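In: 3D model of this:
(one chain, ligands or ions: 2)
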Amino acid sequence: MTDKKTGAGLRGQSAGQTAICTVGAAGNSLRYRGYAVDELAEKATFNEVAYMILKGELPTRDELAAYQQRLKGLRGLPDALKEVLERIPASAHPMDVLRTGCSFLGNLEPEDGFENQQDVADRLLASFPSMICYWYRFSHDGVRIEVETDDEGIGGHFLHLLHGKPPSELHARVMDVSLILYAEHEFNASTFTARVCASTLSDMHSCITGAIGSLRGPLHGGANEMAMAMLEKYHSAEQAREDVLRMLEAKEKIMGFGHAVYREKDPRNAIIREWSRKLAAEVGDEVLFPVSEIVEKTMWEEKKLFANADFYHASAYHFMGIPTGLFTPIFVMSRVTGWAAHVMEQRSNNRIIRPGADYIGPEDRAVPSIDQR
Ligand SMILES: CC(=O)SCCNC(=O)CCNC(=O)[C@H](O)C(C)(C)COP(=O)(O)OP(=O)(O)OC[C@H]1O[C@@H](n2cnc3c(N)ncnc32)[C@H](O)[C@@H]1OP(=O)(O)O
Ligand SMILES: O=C([O-])CC(=O)C(=O)O
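Out: Ligands and ions are numbered 1, 2, ... in the order given. Predicted coordinates for the structure are as follows:
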């Protein structure tokens, strides 16, 4: 592994303070406002975690009930947004759809002052599943769906809209855990994008729209889709192992492995792997899960590279019948909590983020006339 404190990517350097999250303390831990992610994934719902990330503390029973009611009431989409979504072709990337949806909602319901920041965060959290599913079902199935359901959880609501029926208890819980695991991750690339935008005192929709653009890339959130594209090529564990060895020999990147901060393991991986194993048993899978396991084993044996949060999300989502293109939008539905919390934190103690650069271009020179060039 390269020295994390040298070279490109601002690796290992602190770019500011945060009270929201710690990543990689002791090489492998993840805590949101002091709570370990493993414990949250076991004992909490995503609604509770979202509330805690956005508002600072875990909700009481009454606060949670009121918050769930509030989010349910914010699931609807304005007609003008539905019209825009209907014009986006089926061939569009779903992340581009959410990027447009977020930006367009900013035209219809502008933040109009930082005193409304919590309201905008709640509105985006509640309406992203509606946006993506409204577009997906219209462009792929030709139907205009009703986007308001009575599902308690955002993950269950998403599956309901996508499949047109309420999800099983198991699927609703897996979605909830997945959203907990993806909710927040300190100064990752998309969150840093949001904070840079916030530091200019821009509006919440601009910050979140920019963050969606950064999350889209295959080195960040887009890795779960790329991992799925690779895994579904294989018909057996043996074939997968041989191809991974070939890719490593050719110095190709294997998506869903490695991390910019964790050194030993990504604590989210073991959690989503076990849920994926349960889903594999439910659907009677004998290929995708064993293939995923052999890829994980081979990467560790050959390169000491561990699976990150994205890797087993690929098989878990696939087992629940979610189209691959919607994997990263699910990440958005969750990470909007972390992004918005960071925007609010940046605003609360702001100085415009504007680093310097080491100049490596030509020495000073005179401008020649056009005939002399
Ligand atoms: C939710 C998330 O966003 S998690 C990240 C999701 N992204 C991916 O899964 C994409 C694949 N992984 C990667 O590209 C990288 O591991 C990143 C972007 C996550 C981290 O990048 P960096 O911090 O630059 O990686 P790092 O410094 O640890 O790389 C060390 C070495 O391992 C190699 N390496 C790292 N990840 C991988 C991988 N997935 N496959 C093959 N080789 C890898 C690097 O090429 C580098 O080799 P070198 O020293 O010969 O140049
Ligand atoms: O922290 C990072 O660089 C990427 C990551 O795992 C995340 O954003 O969840």
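In: was I right to think Val49 contacts Ala36?
Out: No - assessed by Cβ atoms under 8 Å, Val49 is found out of contact with Ala36, at 12.0 Å. Where C-beta positions appear, they are placed from N, C-alpha and C, glycine not excepted.
In: what domains does the record give for the protein?
Out: Listed domain ranges for the chain are 21-218+324-348, 223-320 (source: the TED database).
In: can you give me how far the first one is from the chain middle?
Out: Think domain 21-218+324-348. 9 Å (Cα atoms, centre = their mean, to the nearest Å).
In: hmm, that domain in reach of ligand 2?
Out: Yes - under the criterion of Cβ under 6 Å from any ligand atom, ligand 2 is reached by domain 21-218+324-348 at Val23, His185, Asn188.
In: now that domain: average pLDDT?
Out: Domain 21-218+324-348 carries an average pLDDT of 97.
In: what of the shortest one?
Out: Here the mean pLDDT over domain 223-320 is 97, rounded to a whole number.
In: does it come close to ligand 1?
Out: Yes - for domain 223-320, a contact with ligand 1 is found by Cβ under 6 Å from any ligand atom, at 223, 253-260, 305, 308-310.
In: which one of the residues of domain 21-218+324-348 next to ligand 2 is nearest Asp285?
Out: Asp285 has its nearest neighbour among those in His185, at 28.9 Å by Cβ to Cβ.
In: now that closest one, nearest residue through space, not along the chain?
Out: Val23 (5.8 Å; Cβ to Cβ, 6 or more residues apart in numbering).
In: residues in contact with that neighbour?
Out: Neighbour list for Val23: Leu30, His185, Glu186, Val261, Tyr262 [criterion: Cβ atoms under 8 Å, 6 or more residues apart in numbering].
In: apply 6 Å and report the result again.
Out: Leu30, His185, Glu186, Val261 (Cβ atoms under 6 Å, 6 or more residues apart in numbering).
In: by neighbours, which of those residues wins?
Out: With neighbours taken as other Cβ atoms under 10 Å, the top of the contacts of Val23 is Leu30, carrying 24 neighbours.
In: that one falls within a helix, correct?
Out: No - using DSSP: H, G, I helix; E, B strand; the rest coil, the assignment for Leu30 is strand, not a helix.
In: ok, now how distant is it from Ser91?
Out: Distance of Leu30 to Ser91, computed by Cβ to Cβ, to the nearest Å: 36 Å.
In: please apply the same query to Asp141.
Out: From Asp141 to Ser91 the distance is 15 Å (Cβ to Cβ).
In: what helix or strand does the residue in the stretch 1-150 of the chain that ligand 2 sits nearest to sit in?
Out: Closest contact between the stretch 1-150 of the chain and ligand 2, by Cβ to the nearest ligand atom, is at Val23 (5.9 Å). Here Val23, judged by DSSP states H and E, is contained in strand 21-25.
In: which parts of that strand are buried?
Out: Cys21, Thr22, Val23, Gly24 (16 or more other Cβ atoms under 10 Å).
In: one more: stretch 323-339?
Out: So for stretch 323-339, counting by 16+ other Cβ under 10 Å, buried means 324-339.
In: those in strands, which ones?
Out: Assigned to strands by DSSP state E, none of the buried residues of stretch 323-339 qualify.
In: ok, these vs ligand 1, which is closest?
Out: Nearest to ligand 1 out of the buried residues of stretch 323-339 is Phe331 (Cβ to the nearest ligand atom; 7.3 Å).
In: list the contacts of that closest one.
Out: Tyr182, Gly221.
In: and it, how far is that from Pro362?
Out: For Phe331 relative to Pro362 (Cβ to Cβ), the value is 42 Å.
In: try Glu296
Out: If you go by Cβ to Cβ, the gap between Glu296 and Pro362 works out to 48 Å.
In: could you do Arg31 as well?
Out: 47 Å.
In: the two - which one has more neighbours?
Out: A direct count of neighbours by other Cβ under 10 Å for Arg31 and Pro362 places Arg31 higher, at 19 against 6.
In: what are the buried residues along stretch 363-373?
Out: For stretch 363-373, the neighbour count (16+ other Cβ under 10 Å) marks no residue as buried.
In: what's the end-to-end length of that stretch?
Out: 17 Å (Cα to Cα, to the nearest Å).
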